[in-house]
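A.B. asks: Structure, please.
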Amino acid sequence: MSGVFEPLRTPAFRRLITGRGCAELANAVAPVALAFAVLDLTGSLVDLGIVVGARSAAVVVLVLFGGMLADRLPRSVILQGTALTAALTQGLVAASVLGHFASLPLLVGLGIANGATAAMSLPAAAALTPQTVAPALLTQANALARIGVNTGRFSGAALGGLLVGSLGPGWAIAGNAVLFLLAALAYQRVRVAHPPRVVEKGVLGDLVEGWREFTEHTWVWVVVLQFMVVNAVLAGGLFVLGPSIANHTIGRTAWGFVIAAETLGALIGGVLVARWRPRRALFVGVSVILLEALPLVVLAEWARVVPLLLAMFAVGLTTEVFVVAWDVSLQENIAPEKLARVYSYDMLGSFIALPVGEVVAGPLATRFGVETTLLAGAVVLVIVTCGALCSRQVRTLTRRADQEDVRT
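C.D. replies: The predicted structure is shown next:
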């Protein structure tokens, strides 16, 4: 037990996961509240896809720039600034909803601004973890970081459903601003040494150097290609079609708990993966992504509270096995001074299809039907995951931390 929680003895790591937990709590409330705010405003699935897609598009466009900055500047300072900016943008969204002057163009514009702050923060947050702990504690640190993040997501999703159901989406979004301010305070106290930095080659040169590091490892780009498709399918199925189905079946509050069930599974998965570390962790992690098809099938065929809760719980638990294995694999095999840029290419590849998935889900469901669209997405998800498992590097990559454990 003491080994699992050893990273918590480091003040910088404690403050980092506190900040990330607060930020994720806010971010978990936002999708639930924003989805129903748009549905209340226009009642259109297409409009909902446009709003959530605009934020994702901003992330895609700017995430490489965020990775470059995170390899140049102190990552904790970047996180402070982005948390403060997110508080401002979320506050403006809440004001527009509560003041009854919200409009589709306004929500799209604020979504773009919020996506820009996320693009700046995501590579910095991912690359900061190995700076806060010793190399031998990377697995435990990543697992604990994910537990903190998922605690915020679980609490936020449930809280979002309750607030939307009882007070309305405006007040739910309003709470995000305060939570982002708390995250900024936590990040402000993170004190770590900046990683060694090679001579700067300009914006283009830095991006080219990061691209070379990214493409040098086959297992990296293969898994990223896999998640381009997986993320697009899930974004459209769960965050565009899901709320619409919930409106006519289980209700808005119950949908908040369904989303929270995934995060609860991830929370428990984080505890599991901190103790159980398979030698070929990446292979195991990629394999369990097959379970991501479950909620799509259940939404299409049996949209009831209990089946959805169980499906999302299973997905959260198994996905956490992948996420920790992926983070440790990158942190052990990528040079520290290039890590944020490689993370940014990872995030770009993983996120680039999100706007497409979110925007086309509504039209596809209108043309072919909601059930057919969800089932087709599940089939595509299974095919691309099996394709990733065909890569020898994905199947054979082993953890260096396990080798260190054997020697010690």
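A.B. asks: And stretch 127-137, end to end?
C.D. replies: Separation of the first and last residues of stretch 127-137 by Cα to Cα, to the nearest Å is 15 Å.
A.B. asks: any idea which helix or strand comes after the lengthiest helix in the chain?
C.D. replies: The residue-count maximum for a helix in the chain (DSSP state H) belongs to helix 11-41. Going down the chain from helix 11-41, the next helix or strand is helix 45-72, by DSSP states H and E.
A.B. asks: which helices and strands does the longest helix of the chain pack with?
C.D. replies: helix 45-72, helix 75-98, helix 104-132, helix 138-166, helix 169-188, helix 242-248, helix 252-275 (3 or more Cβ pairs under 8 Å, 6 or more residues apart in numbering; DSSP states H and E). Every C-beta, even on glycine, is put in place using the N, C-alpha and C of the backbone.
A.B. asks: what pLDDT, on average, does it get?
C.D. replies: Taken as a whole, helix 11-41 carries a mean pLDDT of 82.
A.B. asks: what's the angle between it and helix 104-132?
C.D. replies: Counting by axes from the mean of the first three to the mean of the last three Cα atoms, to 10 degrees, helix 11-41 lies at 160 degrees to helix 104-132.
A.B. asks: for the helices and strands packed on helix 11-41, which one sits closest to V342?
C.D. replies: Nearest of those to V342, taken as Cβ to Cβ: helix 45-72 at 7.7 Å.
A.B. asks: mind checking how far that closest one is from the chain centre?
C.D. replies: Taking Cα atoms, centre = their mean, to the nearest Å, one finds the center of helix 45-72 at 12 Å from the center of the full chain.
A.B. asks: now stretch 212-229
C.D. replies: Distance, centroid of stretch 212-229 to centroid of chain: 17 Å (Cα atoms, centre = their mean).
A.B. asks: can you dump the C-alpha coordinates of that stretch into CSV?
C.D. replies: Only the C-alpha atoms of stretch 212-229 are listed here, as CSV (Å, rounded to 0.1, in the frame of the first residue of the first chain):
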residue,chain,number,x,y,z
ARG,A,212,10.6,13.2,-36.1
GLU,A,213,10.5,11.9,-32.5
PHE,A,214,6.8,11.0,-32.9
THR,A,215,7.3,9.1,-36.2
GLU,A,216,10.4,7.3,-35.0
HIS,A,217,8.4,5.0,-32.8
THR,A,218,5.9,2.9,-34.8
TRP,A,219,3.9,1.9,-31.7
VAL,A,220,3.2,5.6,-31.1
TRP,A,221,1.7,6.6,-34.4
VAL,A,222,-0.2,3.3,-34.8
VAL,A,223,-2.1,3.8,-31.5
VAL,A,224,-2.7,7.4,-32.3
LEU,A,225,-4.2,6.4,-35.7
GLN,A,226,-6.4,4.0,-33.8
PHE,A,227,-7.7,6.7,-31.5
MET,A,228,-8.4,9.1,-34.3
VAL,A,229,-11.3,6.8,-35.2
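A.B. asks: quick one: contacts of that stretch?
C.D. replies: 282, 286, 289, 326, 329-330, 333-335, 338, 341-342, 345-346, 349-350, 352-353, 380-381, 384-385, 387-388, 391, 393-394, 397 (Cβ atoms under 8 Å, 6 or more residues apart in numbering).
A.B. asks: Which entries within those meet the buried criterion?
C.D. replies: 282, 286, 289, 326, 329-330, 333-334, 338, 341-342, 345-346, 349-350, 352-353, 380-381, 384-385, 388, 391, 394, 397 (16 or more other Cβ atoms under 10 Å).
A.B. asks: how far away is W211 from R279?
C.D. replies: 30 Å (Cβ to Cβ, to the nearest Å).
A.B. asks: and what of T151?
C.D. replies: Taking Cβ to Cβ, one finds T151 at 28 Å from R279.
A.B. asks: Compare neighbour counts for the two and give me the winner.
C.D. replies: T151 (20 against 12; other Cβ atoms under 10 Å).
A.B. asks: looking at it, the more buried one is touching L264, isn't it?
C.D. replies: No. Under the criterion of Cβ atoms under 8 Å, T151 lies out of contact with L264, with a separation of 9.3 Å.
A.B. asks: before we move on, back to that, export the helices and strands packed on helix 11-41 as a markdown table, with columns for distance to V32.
C.D. replies: What follows is the helices and strands packed on helix 11-41, written out as a markdown table (distance: least, Cβ to Cβ, whole Å):
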| stretch | distance to V32 |
| --- | --- |
| helix 45-72 | 12 |
| helix 75-98 | 13 |
| helix 104-132 | 15 |
| helix 138-166 | 4 |
| helix 169-188 | 7 |
| helix 242-248 | 8 |
| helix 252-275 | 5 |
